[in-house]
Structures are given as structure tokens and as C-alpha cells.
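1. need coordinates for the following:
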Amino acid sequence: MRINRVGLRAPRMGQSRAWLSMTALVVAALSLSATQAAAATSSGGTIVYQVHPIARLALATNSAPSSFPYTPSQCVTTFGLACYGPGQIRAAYDVPSTLNGTGQTIVIVDAYGSPTVRQDLATYDATFKLPPPPALNIICPLGCPAFSPNQGGAKGPRAGNEVGWAEETSLDVQMSHAMAPAATIDLVVAPNSNGDALNAVEEYAVSHHLGNVMSMSFGIAEGLLHGNNGQVLQAEAIYQQAAKAGISVFASAGDSGATNGLSLPNASFPASDPLVTSVGGTDLFASDAGAYQSETVWNDAAPTLCPFGCTIGEFGATGGAPSALFSAPGYQLADNSGFTSRTTADVSFNASVYTSTLIYLGFLGNNSGFYFFGGTSEGSPSWAAIGALADQAAAADPALAPGFTFGQLNPWLYGLAGNPSTYAKSFHNVTVGNNAFPSGVASPTTGYSAGPGYNLPTGLGTPDVANLVANLVTEAAG
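-> Presented below is the predicted three-dimensional model:
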């Protein structure tokens with residue numbers, strides 16, 4: 001499905017469009033994660049997002065060998081899965097050494113936060129020999145909550161909704177720092193995971209223009225919104241405000257396949273909002289040095305797809321489905337997907353536990369340590385960092401006006417995809433796999449297949465960052 005160019009030009013900053021409408025090594029996955037939240041709706045219509053990460057102990061805390069961090073092949077031999085550190089991820093996605101996020105701020109929105117987020121990042125940096133960020137600012141517009149690890153769940157070392165969000169917070173901060181190590185990180189924390197609280201802190205981040213990119217690794221299946229939840233309208237107004245201010249917004253597409261745990265295909269909101277860049281998930285295969293080899297759609301339920309034989313079970317599959325709330329925006333009208341509605345994902349990133357990223361968690365007592373993480377929650381902060389790299393490159397280009405930012409990124413991305421040459425250079429087109437995952441009451445046959453060009457599980461594909469950024473800047477200056 002080749003994307004045909006239809007004369008679309010992405011807007012300059014301030015322009016508007018009608019469609020601006022993871023010491024212990026443990027295997028962890030965000031099953032029903034912040035990107036695939038189980039939600040309860042009160043009589044007042046409040047959405048409550050919950051996270052339920054899954055972990056499996058693989059190595060005792062006091063047994064970490066001197067050879068750690070492991071290479072991907074060592075992890076495959078020892079644990080039956082690959083593991084990537086920041087150097088391998090940056091190499092696989094071709095992030096040039098000249099792009100590190102200097103002068104940029106990445107805004108990350110989460111609920112509850114993490115009690116050890118600063119220490120966790122310091123351990124991560126020391127382990128992987130990364131410089132600390134210029135600043136890690138923790139901002140709580142509604143007040144910072146006290147950490148209550150059993151809040152929202154049964155007792156235990158990794159129980160409770162707040163523990164899940166703390167894991168999400170450390171993942172978000174460490175992945176964004178891995179991709180853009182010289183960028184400032186503004187972690188904006190809501191006191192709880194209610195939709196109104198998350199909307200309020202998003203609005204604070206946007207109205208105070210804390211940074212030019214914002215990541216939201218949470219979501220809810222549209223089918224649980226009943227189509228008229230007032231908090232959706234609140235969020236839409238915030239994303240409109242972000243677009244007008246030149247702020248790029250990213251969200252995860254979900255971790256339970258095309259249905260997001262329901263009986264029919266369901267896109268995840270806010271990723272389904274046309275003003276948001278929706279990030280799907282892949283299985284990334286790269287060498288020990290990080291040389292890119294190939295990618296497939298992340299789907300643990302597909303025997304021919306699940307890496308290394310899925311020896312420790314199924315964790316999930318990428319989301320990606322047509323929206324029931326939003327019609328197709330202008331930038332998607334030529335994607336040839338066959339839908340008249342907005343479709344997710346827009347882009348994708350590594351997400352499988354079997355091709356995991358290493359993340360440090362320090363608030364789990366004897367279970368603290370490095371974890372193997374997966375889920376599309378990895379992709380949203382990573383793509384936000386890529387957006388920051390693009391803004392860094394744009395700031396250095398004399399052909400662009402001072403203060404230029406790419407803002408709403410989707411029109412720019414689909415614009416590049418409309419040209420076969422820039423598309424082939426800017427993206428790894430993922431053509432193998434599907435996101436039919438038997439979650440909830442859904443049939444395992446309910447899902448969408450990858451293929452040439454745009455497809456719902458992986459969108460336009462994964463980034464070749466060096467080429468993508470160069471092509472974005474060229475397009476903006478043209």
C-alpha cells in the first residue's frame with residue numbers, strides 16, 4: 001500500500017488546520033499497562049487508569065555478574081530473550097552522535113510518579129555510561145502524592161496501582177534520556193490516575209510550555225469511553241492548544257492487540273486523537289553492537305512471530321485499530337488503509353519483552369534491580385525524544401526561523417511518507433505480522449496485518465533517526 005502524495009504541506013508553527021480537531025534481573029511487561037489501562041467509570045464519568053505490570057525473577061539481587069550489562073546474544077542464551085541497552089537502541093535506530101537533545105526539554109506525564117526516579121536514573125546512567133541530563137525536574141501542579149505501594153491492589157512486593165505507575169515513570173524517564181541524553185526532562189506528575197487529574201497536569205504542561213514535546217504512556221480503549229465522556233473533550237482541547245503552541249504530543253497504541261481487550265477492534269485514546277502521534281510496537285532484531293537486522297509486528301500470540309519461541313509465555317501484542325471517535329484527518333486520507341476514520345498507529349518502536357530494553361527500578365526492596373521491559377510504553381517517550389532531536393536539528397538550521405518547532409508531527413511524517421524516496425530513507429517499513437491477540441473476549445483472529453507502506457499495527461514504521469530528522473528539516477526549510 002503505497003502512500004500517494006496529495007499536495008499536503010505540514011503547517012508551520014502557529015498555523016492551524018481543520019484536523020488540529022524497565023541487583024535483580026527480572027522479565028517485566030506492561031500487560032494491561034499504562035498504555036492498555038483497565039478502566040473503571042464512576043457515576044460522575046471519571047476515568048480511572050490502572051497499570052498491572054508482569055514480572056518474573058530471573059537472577060537474585062546479590063548474583064549480578066561482573067559481565068553485566070549483558071549483550072543481546074548473552075541474554076538470549078541465558079534467558080531466552082534479547083536485551084538492549086541505550087547504545088544498542090540508538091545504533092539500531094541510527095541516532096547520530098551529533099543529535100543528543102541539547103537545548104530541548106522532554107515533558108513526560110505520569111500519575112503518582114516514582115519515589116526513586118532520580119536514583120534509578122543515576123544508576124541507569126552509571127551502568128550504561130551515560131551523562132546525567134541537564135536537569136530532571138519533578139513538577140506536581142496538583143501536589144505531589146506520598147508513595148503508597150499497596151494503593152489500588154493486593155499486598156505484595158509489586159502490588160498496587162501506584163507500583164505499576166512508578167515502574168512506568170522510571171521506564172519513561174530512562175528511555176527518553178537514552179534517546180536524547182542531553183535534553184532536560186520535565187516529569188509532570190498527577191496525584192492520581194483519574195482522567196481529570198491527568199488532564200489537569202497535561203494542561204499545565206502545555207499552557208506553561210514546559211517543552212516542545214510531550215509523552216503520555218497511558219490510554220484506554222475507546223469502547224470504554226461511551227463516546228461522550230467529558231474528559232475526552234477536555235483532552236481534545238488540550239491537544240488543540242498544544243498544536244497551536246508548536247508542541248508535539250505522543251501516546252502509546254496499546255499492548256493487547258487490535259481489540260485492546262474488548263470484543264471488537266478498539267483504538268486506544270488519547271493515541272487515537274488526530275493531534276497525537278500514536279506509537280505501536282515491534283520485535284526489534286539487532287546485533288550485539290546494535291546493527292539493525294529486521295523487525296516484525298509485536299504479537300506474542302503468533303507462533304511464527306514470537307521471538308525465541310516465546311519460552312516464558314505471552315505478554316501481549318501491539319495495538320492499532322480504527323477509531324470510533326475521530327474521522328480520518330487530512331494527513332491520513334491518502335494512506336490507502338481503506339478506512340474513513342482515524343487509524344492507529346502512526347509510527348512504531350521496539351516493544352516486545354523478548355526484544356527487551358533494560359530499565360532500573362529501585363523501589364521494590366529485595367526485588368529492586370534491572371528489569372527486562374516491553375510494551376508500547378517504551379515507544380511513546382522514545383518518539384518524544386526523537387521529536388526533541390528533530391527540534392534540535394531545526395534550531396541549528398539557518399534556513400528556519402528562530403524558535404521554529406515541528407509541533408504536531410503527524411502531518412510532517414505522512415508528508416515524508418508520500419514521497420517513495422524520503423519514505424524509504426526515513427522509516428523501516430514493517431511488513432511481517434499482525435496484531436490479532438486473544439485478549440479479553442476477543443477472537444484471536446481479530447486484528448490487522450502489516451504490509452508495504454502504512455499499516456495499522458506499525459503505522460508508517462520505525463525510525464531511521466538520522467535520515468528522518470534530516471528529511472524533516474529539509475522539508476521544513478523547503
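2. mind listing what Leu358 touches?
-> By C-beta atoms under 8 Å, 6 or more residues apart in numbering, the contact list for Leu358 reads Met22, Pro69, Cys83, Tyr84, Gly85, Phe370, Tyr371, Phe372, Phe373. Placement of C-beta: from N, CA and C, glycine included.
3. one more: Thr277?
-> Ser248, Val249, Phe250, Ala251, Asp346, Val347, Trp383, Gly387, Leu409, Asn410, Leu413 are the contacts of Thr277 under C-beta under 8 Å, 6+ apart.
4. thinking again about what came up before, let's see which of the contacts of Leu358 end up in strands.
-> Cys83, Tyr84, Phe370, Tyr371, Phe372, Phe373 (DSSP state E).
5. pLDDT weak spots in the stretch 51-200 of the chain?
-> Along the stretch 51-200 of the chain, the model assigns pLDDT under 70 to residues 51-66, 151-160.
6. do you have the strands of it handy? List them.
-> 54-59, 82-84, 105-111, 136-139, 184-190 (DSSP state E, counting those that start in this stretch).
7. Ala178: which of the ones you listed is closest?
-> Evaluated over the strands of the stretch 51-200 of the chain, closeness to Ala178 peaks at strand 82-84, with 9.5 Å, by C-beta to C-beta.
8. distance between the closest one and the chain's centre?
-> Mean-position distance between strand 82-84 and its chain equals 18 Å (C-alpha atoms, centre = their mean, to the nearest Å).
9. tell me what it is packed against?
-> Here strand 82-84 touches helix 72-79, strand 277-286, strand 355-361, going by 3 or more C-beta pairs under 8 Å, 6 or more residues apart in numbering; DSSP states H and E.
10. now Ile372. Nearest residue, chain neighbours left out?
-> Residue 372: Phe, not Ile. Distances taken as C-beta to C-beta, 6 or more residues apart in numbering place Ser356 nearest to Phe372, at 3.6 Å, with adjacent residues excluded.
11. for the one you found, give the beta-bridge partners.
-> Cys83 (DSSP bridges).
12. correct me, but it touches Tyr84?
-> Yes: counting by C-beta atoms under 8 Å, Tyr84 is a contact partner of Ser356 at 7.0 Å.
13. what is the neighbour count of the nearest residue to Asp300 once chain neighbours are set aside?
-> With C-beta to C-beta, 6+ apart as the criterion, Asp300 has its nearest non-adjacent residue at 3.9 Å, and that residue is Glu314. By other C-beta atoms under 10 Å, the residues close to Glu314 number 17.
14. can you tell me which residues contact Glu314?
-> Asp300, Ala301, Cys306.
15. double-check that it belongs to a strand.
-> No: using DSSP: H, G, I helix; E, B strand; the rest coil, the assignment for Glu314 is coil, not a strand.
16. what about it, distance to Gly459?
-> To Gly459, Glu314 is 23 Å away according to C-beta to C-beta, to the nearest Å.
17. can you count the residues close to the closest residue to Leu416 other than its chain neighbours?
-> Among residues not flanking Leu416 along the chain, Thr422 sits closest, at 4.5 Å (C-beta to C-beta, 6+ apart). Residues near Thr422, counting by other C-beta under 10 Å, number 20.
18. past the helix or strand that contains Thr422, which element shows up next along the chain?
-> Assigned by DSSP states H and E, Thr422 falls within helix 420-426. Per DSSP H and E, helix 420-426 leads on to strand 427-428 as the next helix or strand towards the C-terminus.
19. mind listing the helices for the stretch 151-300 of the chain?
-> Using DSSP state H, counting those that start in this stretch, the helices found in the stretch 151-300 of the chain span residues 161-179, 195-207, 230-244.
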